[in-house]
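Asker: Sequence and predicted structure are below.
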Amino acid sequence: MCAMRPEHEPSAGIPERTAASAGKTERESKRAAASGLTSDEGARREDAARRRAAASAGKTVLTPEEIRRALSRIAHEILERTHGGEGVVLLGIPTRGVDLARRLAVRIGEFEGTPVPHGSLDVTMHRDDLRLRPARALQRTEVPPDGVDGKTVVLVDDVLFSGRTIRAALDALNDLGRPRAVQLAVLVDRGHRELPIRADYVGKNLPTAYREVVRVLLTETDGEDSVLLGERDR
Amino acid sequence: MSSGGGVSGEASVPEEWLVKGVSLSGGPATDLHIKDGVIAGAGQDLAAPGARVLDADGLLALPGLVDLHTHLREPGREDAETVETGTRAAALGGYTAVHAMANTEPVADTAGVVEQVWRLGQQAGYCDVRPVGAVTVGLGGRQLAELGAMADSAAAVRIFSDDGNCVADPLLMRRALEYVKAFDGVIAQHAQEPRLTEGAQLSEGEVASRLGLPGWPAAAEEAIIARDCLLAAHVGSRLHVCHVSTAGSVEIIRWAKSKGWQVTAEVTPHHLLLTDDLAVGYDPVFKVNPPLRTQADIDALRQGLADGTIDCVATDHAPHPVEAKETEWAVAANGMTGLETALRVVQLAMVDTGLLDWAGVANRMSVRPAEIGRLQGHGTPLEPGALANLILYDPKAPKEAVDPAAHASKSRNSPFAGMALPGRVYATFLRGAATVFDGKVTR
Amino acid sequence: MKRHLISAGDLSREETVLILDTAAELASVAGRPIRKLPTLRGMTVVNLFYEDSTRTRTSFEAAAKRLSADVINFSARGSSVAKGESLKDTALTLEAMGADAVVIRHGASGAAHRLAGWVTGSVVNAGDGTHEHPTQALLDAFTIRQRLGADKRGTGLDGLRVTIVGDVLHSRVARSNVLLLSTLGAEVTLVAPPTLMPYAVHTWPCKAGYDLDTELRKTDVVMMLRVQQERMSAAYFPSVREYRRRYGLDAGRMALLPSHAIVMHPGPMNRGVEIAAEVADSPRSTIVAQVANGVTVRMAVLYLMLGGAGEAA
């Protein structure tokens, strides 16, 4: 007589979620599963593919061999200036600075026989251009167990340009502790500084026009080692 | 007994009109001659030398609409509406008579208050105002109000309702149903079992669940309707059910009618069109009692109105000042304005969907309400001799978005704001005098 | 990230994972000599709390301050709010004060929604009536991922089984968690007496059942909700004793859990009603961690909403 109310069976357990809503989460997990990747890996692969495509428009200014030699030289220079790497901590600035820092740490370890602590220092929260772009995902900050207090911290990055990234890194480092000294190692110095910042160790000095783009590719992230100089992306 | 109308105040310089080529409730084009407050003639190629001629090609003539359920707010809540502004809105919506609900301040539970409201309606002159008397003193649900005195007053009350509140006490409801038989009155019940709806905010269902709003179960309405139908049958009374909102209620009323019981019912325009999905933004313009429900309920209500299970459309025009609606949902007032949009919404929901023709609209919005309210002179066929209470309506007017700021009502709480509705009331005649012409009030 | 955080259902899986990953990164800030980041320097965050809640309010306050934002607290008692100032007028006042973000807790469902229509800043819903409490769900998800998940960047909670027990009908925590956890791929089951189960729960992205013991045996997480004693007078259940017997998590029930399973509670607890003291204090319990995680998760939310221009990548 009265209109039926929607399905409320008073039996054991309540009916499962509807097909529609079940479909939504199923679709999303299927998508994740099908790609077989976590969002991290997937993003890196996409990034690498994009870089390779764009890279075809640039000329090589450092070959893999030259990169290898430059890193070996920098490793030796660090050892020289820090009296054998005592109290040295390498902190790479994400993304590629981290891989470079690891490579330098490995080389130094090979030369001296003692491993050098290394890690990463994310500078996102200290950037001076935060309000100009949407909020960025944070990268990892991983400080070796002995910390930075009293240490000689060598910041490692791939390209030194305006110097603002390093300024942010100095601020970020300041919040972690009080190093005895801070030095900077970069693979490429392309000029056009906007702040009084200079590198202690340079792989290659590369004069560039402001509008040109320097692209560093590393095996760990891009599948190959290369430094390219090209025009700005349209 | 009395029509409750009488001679309207300043407005009624009787006018003489010759309306040419109008369709009478959807029928073939006809001429109408209006003179001295009545329809003087209806036919082809009428002559009326002294009359103002109105070319009504493409227009419909319908008997003036009668609303069984309006809140005019005066006395007491003049910040929301007055009898003058409310009846002006009614005329613009095509109404020639409205029944003003009793939940004013003070409550209309005595002959004094109902006569005051009736007189205010006369003075305003936009349409006939028939006050509804409260069933219980102060709407308190405990003691019967002086129903007989209100019936005998100049306001000639025939419909009694505690609307806003439910007459929940079954014994009291029985007594009220019995008592009004003496003067052919009818109790109009606002069906809402109070214990099942304490703190309720939105129809109990998927949307309310998701929004975290306490649910308003359909059973709270249906249980009272079922009880009252049985009581009315038992004591041999009429019963009128206000603002039916659920599919289950329609079924119960259909069943009661099938037994020959004297049960009548009304539905609001908004319950014919709007679902509870609209509450998703928590905008209290969509908060109303009874609440908006699901599409299945809407379909059942439309079908019920089409097949006559639901006798009529009643607006439940409920104006509220801005501060009562510009709040969080839980503290906002219940109600929506509706007089100026009712006919257009009914066209959209019932005529344009093929469920009801214009003769049916005339029946549901004029003839049946007048019968239920025992109102003379309204809802009568458009033929010579009848009082000229009628409207001219343009069903093909280009669809226009509803703009509450342009409404004659003092209040702006229309749920149809921004919605494109068809149709336009072109003119409203109250006993032969145009209260509205070319979509605007005449004074 | 969108301009407002009002419902957990507003967040896609990507956005949710981004918040969790950001929070994971920010968690290390608490261990540093300088427990502060300059990111929101010069921004104003207003805590607009109409309901008393020291725990949530101080959590948001700590989060905003650790990002160097200025914090202004509006609490209901003794303010213009208590004197009957409408929500809209309060909103206009906050606008005039230049609030970049308003964190609102209010007793009416939909209050955060309404506020969002009246301010130009960002609105964070810290609990509106019985509707939602999205940052609670985020910190719960973060805690689960930390204790049971891969705890790697970019991962969700796929395949984890979460059982939420208690007064689901009136729980904004439950609503937000059902949405958020299922977005992250978890399988959510609600357990409550029929009177406290929402009317249309069969349309929600979760399962529902009346028997606690059955569900405990096969769950990875059990989340206990607070039950208010006032519900007894509205006949939701006959007595506290009966509720505790049928739906309370005591030591005996805790023993039914798989060995790795954890026990959660959004707080504040009714020790001895929905949760026994020994369960609350056991190693399975994440209740204390949830509080700490609340600050880092809220830092992540504030950073992603305010730390850049427009919507986050």
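Answerer: Arrived safely, thanks for sending.

Asker: Residue C:163 belongs to a helix?
Answerer: No: under DSSP: H, G, I helix; E, B strand; the rest coil, residue C:163 sits outside any helix and is assigned strand.

Asker: what bits of chain A have low per-residue confidence?
Answerer: A:1-57, A:233-234 (pLDDT under 70).

Asker: Residue A:157 in helix, strand or coil?
Answerer: strand.

Asker: and the residue of chain A found nearest chain C, what element?
Answerer: Nearest residue of chain A to chain C, counting by Cβ to the nearest Cβ: residue A:135, 3.4 Å away. Glycine gets a C-beta too; all of them are placed from N, C-alpha and C. For residue A:135, there is no helix or strand it lies in under DSSP states H and E.

Asker: Tell me, how many residues neighbour residue A:135?
Answerer: 25 (other Cβ atoms under 10 Å in any protein chain shown).

Asker: do you know how far it is from residue B:295?
Answerer: Distance of residue A:135 to residue B:295, given as Cβ to Cβ, to the nearest Å: 41 Å.

Asker: now residue C:132
Answerer: Distance from residue C:132 to residue B:295, by Cβ to Cβ: 25 Å.

Asker: for residue A:185, same thing?
Answerer: Residue A:185 is 68 Å from residue B:295, by Cβ to Cβ.

Asker: of these two, who's got more company?
Answerer: The neighbour comparison of residue A:185 against residue B:295 (other Cβ under 10 Å) goes to residue A:185, with 25 against 10.

Asker: my hunch is that residue B:76 is in a strand, does that hold up?
Answerer: No: read with three-state DSSP, residue B:76 is coil and lies in no strand.

Asker: Next, give phi and psi for it.
Answerer: phi 110, psi -40 (degrees, to the nearest 10).

Asker: Then the one 5 residues further on?
Answerer: In this entry, residue B:81 is assigned phi and psi values of phi -170, psi 160 (degrees, to the nearest 10).

Asker: mind listing what it touches?
Answerer: Applying Cβ atoms under 8 Å, 6 or more residues apart in numbering or on different chains to residue B:81 gives the contacts B:71, B:72, B:73, B:74, B:319, B:409, B:410, B:411.

Asker: quick check, the third one in a strand?
Answerer: No: secondary structure assignment (three-state DSSP) places residue B:73 in coil, not in a strand.

Asker: wait, doesn't it sit right on residue B:82?
Answerer: Yes: the pair residue B:73 / residue B:82 is scored as a contact, 7.0 Å apart, by Cβ atoms under 8 Å.

Asker: So if I had to pick from the two, which one is more boxed in?
Answerer: The neighbour count for residue B:73 versus residue B:82, taken as other Cβ under 10 Å, is higher for residue B:73 (27 against 20).

Asker: for the more buried one, what are its contacts?
Answerer: B:80, B:81, B:82, B:86, B:104, B:319.

Asker: need the contact list for the spatially most central residue of chain A.
Answerer: In chain A, the residue lying closest to the centroid (Cα atoms, centre = their mean) is residue A:95, at 0.9 Å. Going by Cβ under 8 Å, 6+ apart, residue A:95 touches A:139, A:221.

Asker: ok, 10 Å please
Answerer: A:44, A:47, A:120, A:122, A:139, A:140, A:158, A:216, A:218, A:220, A:221 (Cβ atoms under 10 Å, 6 or more residues apart in numbering or on different chains).

Asker: check those residues against chain C, which are close?
Answerer: Contacts with chain C within the contacts of residue A:95, as defined by Cβ under 10 Å from any Cβ of the partner chain: A:122, A:139, A:140.

Asker: Which member of those is positioned nearest residue B:17?
Answerer: Nearest to residue B:17 among the ones next to chain C among the contacts of residue A:95 is residue A:139, at 81.5 Å by Cβ to Cβ.

Asker: The closest one - how many residues pack around it?
Answerer: Neighbour number of residue A:139 under other Cβ under 10 Å is 18.

Asker: Would you map the helices across the chain?
Answerer: Using chain A here. A:19-35, A:39-55, A:64-81, A:96-112, A:164-176, A:219-222 (DSSP state H).

Asker: oops, chain B please
Answerer: B:83-92, B:111-124, B:147-152, B:170-179, B:206-211, B:218-235, B:247-258, B:295-307, B:322-325, B:342-346, B:358-362, B:368-372.

Asker: do the stretch 151-300 of chain C as well
Answerer: C:172-183, C:212-216, C:240-247, C:251-254, C:277-280, C:287-306 (DSSP state H, counting those that start in this stretch).

Asker: same for the second one, what does it pack against?
Answerer: Think helix C:212-216. strand C:161-165, strand C:187-191, strand C:221-224, helix C:240-247, helix C:251-254 (3 or more Cβ pairs under 10 Å, 6 or more residues apart in numbering or on different chains; DSSP states H and E).

Asker: how does it look with 8 Å?
Answerer: Using 3 or more Cβ pairs under 8 Å, 6 or more residues apart in numbering or on different chains; DSSP states H and E, the elements in contact with helix C:212-216 are strand C:161-165, strand C:187-191, helix C:251-254.

Asker: The first one: partners in the sheet, and parallel or antiparallel?
Answerer: Right, strand C:161-165. strand C:187-191 (parallel), strand C:221-224 (parallel) (DSSP bridges).

Asker: With respect to residue B:232, which of those strands lies nearest?
Answerer: That would be strand C:187-191 among the strands paired with strand C:161-165, by Cβ to Cβ, at 43.3 Å.

Asker: how near is the residue of chain B positioned farthest from its centre to chain A?
Answerer: Distance from the centre of chain B peaks at residue B:49, with 37.5 Å (Cα atoms, centre = their mean). According to Cβ to the nearest Cβ, to the nearest Å, residue B:49 stands 59 Å off from chain A.
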